[in-house]
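Undergrad: predicted model follows, preceded by the sequence.
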Amino acid sequence: MRKYLLIGVSAFVLGAGAMAYVSPIAQANNAPKTKTYKMLELFGDVLGTVEDQYVTEVDDKKLIEAALDGMLTSLDPHSGYLSPDSYEDMQDTTRGEYGGLGIEVTSEDGVVKVISPMDGTPASRAGIQAGDYITAVNGQSVLGLTVNEAVKQMRGAAGEAVTLTIAREKTDPFDVKLVREVIKPKSATAKMEGDYGVLRVSAFNEKTTDETQAAFEQLKAKNPKMKGLVLDLRNNPGGLVDQAVYVADAFLKQGAIVLTRGRTDSESSRYDAKPDDLDAKLASVPLVVLVNGGTASAAEIVAGALQDHGRAVVLGTQTFGKGSVQSLFDVDGCGPKPCGLKITVARYYTPSGRSIQGQGITPNIVVEATAPPAEAGDAETPRERDLQKRLRNEQGDRAAEAKRLDDYQLQMALDYLKSWSVVAKQMVKG
């Protein structure tokens, strides 16, 4: 039985299902539990009654899987059983390649809520937003279903269309038609904005380390004298712990990155920064980390570590607040292919000992996604640039006025980097 350490919100690629698994350690260490055995006998009696009395014939395997999935999901929203197909999909996700629409979801009061659309996927191109609620798939309501059950309805072969009904705040419900694809999103991409680099990390999968390294090299090649960097973790749902540690480590010379605490010593650990050549080049670069409500789990580890060490200014809005660690276990006995269990095994803490469970990371500087509306006085007061036949600036219109980015939060991050010596450095120290 293998185990994989995972920190991320429930993903679109999950499917419904469940199976029974009894730990041999538990069998050896615990005396017979008479009450438990009686409840298992009760379960068998109920299953037999359903088989005999339900109005139509039932599939025993599906009934047992649904029951056991209910057992696991009753523990917390991030634990669950993965059927062979779903487990294979989850492994594809951690490898950075899978089939679907590219939506990261969770469950909120029986409703499927979008944590974030993934960059470059059908969901992102269709305009699905973090905070949207998915109420129906192909006209069939998913209200009251578990995340796995709803996600299974959304899955299908690449090239097939699926229609989602979306509920969004201050908007009437509407349908969005998408076409499923094999999703191969890059988890790390980079670009230059003038003299400042922007590194976008959208997830933490097995490819993130290599893709982040390549992105760093791309930025250095474009501008060896880069004046500052924006690390964009918005709508990053998390993923593999070791990959998140690598990204944080790239900006730190020493110290803890994250601490985990579980029921057993094997699930409790500390991850520390290690000095290397990459650190020497990046440890002193002015850094702003962009976050929002879709920044979750492993992405919160990175933001929290850099914030606790005073290494970066965290800018944006409150993060998601998932402070737990899941392990993936593969289990035999499900047929030709293994099935899996995703079980919460630990809580994690930032270097200063903060638990962000249910709270999230509070930015040093709160900046909403859109610019605040202009005050009435400002809107009504004409300025020199509004006058006809005004003298033109012989140096050209200011880039900040003529070429503002559509992304308000990113523009604010770049503005803080430009004033680093005056404002941002004080924010880091404070």
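TA: All right, it came through fine.

Undergrad: next SSE after the longest helix along the chain?
TA: Determined from DSSP state H, the single longest helix within the chain is helix 34-53. Toward the C-terminal end, the helix or strand that comes next after helix 34-53 (DSSP states H and E) is helix 60-73.

Undergrad: now that next one: buried residues?
TA: L63, I64, E65, A66, L68, D69, L72, T73 (16 or more other CB atoms under 10 Å). Heads up, the C-betas are built off the backbone N, CA and C, glycines and all.

Undergrad: the inter-axis angle of that helix versus helix 34-53?
TA: Angle of helix 60-73 versus helix 34-53, following axes from the mean of the first three to the mean of the last three CA atoms, to 10 degrees, is 140 degrees.

Undergrad: and the helix or strand just after helix 60-73, what does it pack onto?
TA: Heading C-terminal from helix 60-73, the first helix or strand you meet, by DSSP H and E, is strand 80-82. Where contact means 3 or more CB pairs under 8 Å, 6 or more residues apart in numbering; DSSP states H and E, strand 80-82 is packed against helix 60-73, strand 339-349.

Undergrad: quickly run through the sheet partners of strand 80-82, with directions.
TA: strand 339-349 (antiparallel) (DSSP bridges).

Undergrad: run through who's touching the strand it pairs with.
TA: Here strand 339-349 makes contact (CB atoms under 8 Å, 6 or more residues apart in numbering) with 6-7, 17, 19, 21, 72, 75-76, 78-84, 86-87, 90, 258-263, 267-268, 301, 323-331, 333, 355, 357.

Undergrad: could you redo the last one with a cut-off of 7 Å?
TA: 7, 19, 21, 75-76, 78-84, 87, 90, 258-262, 267-268, 301, 323-331, 355, 357 (CB atoms under 7 Å, 6 or more residues apart in numbering).

Undergrad: any of those residues buried? List them.
TA: 7, 19, 21, 78-84, 87, 90, 258-260, 262, 267, 301, 323-331.

Undergrad: quick check: buried residues in stretch 157-174?
TA: Across stretch 157-174, burial judged by 16+ other CB under 10 Å covers V162, L164, T165, I166, A167.

Undergrad: just the ones of the residues you listed in strands?
TA: Using DSSP state E, the subset of the buried residues of stretch 157-174 located in strands is V162, L164, T165, I166, A167.

Undergrad: against D52, how distant is the second one?
TA: As defined by CB to CB, to the nearest Å, L164 lies at a distance of 38 Å from D52.

Undergrad: number of nearby residues for the closest residue to L75 other than its chain neighbours?
TA: Once flanking residues are discounted, L75 sits nearest to T344: 6.8 Å by CB to CB, 6 or more residues apart in numbering. T344 has 17 neighbours, counted by other CB atoms under 10 Å.

Undergrad: and the pLDDT for T344?
TA: Note on T344: pLDDT of 93.

Undergrad: and what of N223?
TA: 89.

Undergrad: correct me, but it touches E193?
TA: No. Using CB atoms under 7 Å, N223 is not in contact with E193; the gap is 10.3 Å.

Undergrad: which one of these two is surrounded by more residues?
TA: The neighbour comparison of N223 against E193 (other CB under 10 Å) goes to E193, with 16 against 13.

Undergrad: surely T212 forms part of a strand?
TA: No. T212 is assigned helix when assessed by DSSP: H, G, I helix; E, B strand; the rest coil, not a strand.

Undergrad: so what's it up against?
TA: T212 neighbours (CB under 7 Å, 6+ apart): A188, V201, V247.

Undergrad: return the subset of these lying in strands.
TA: Per DSSP E, these map to strands at A188, V201.

Undergrad: which one of the contacts of T212 sits closest to L405?
TA: V201 (18.8 Å; CB to CB).
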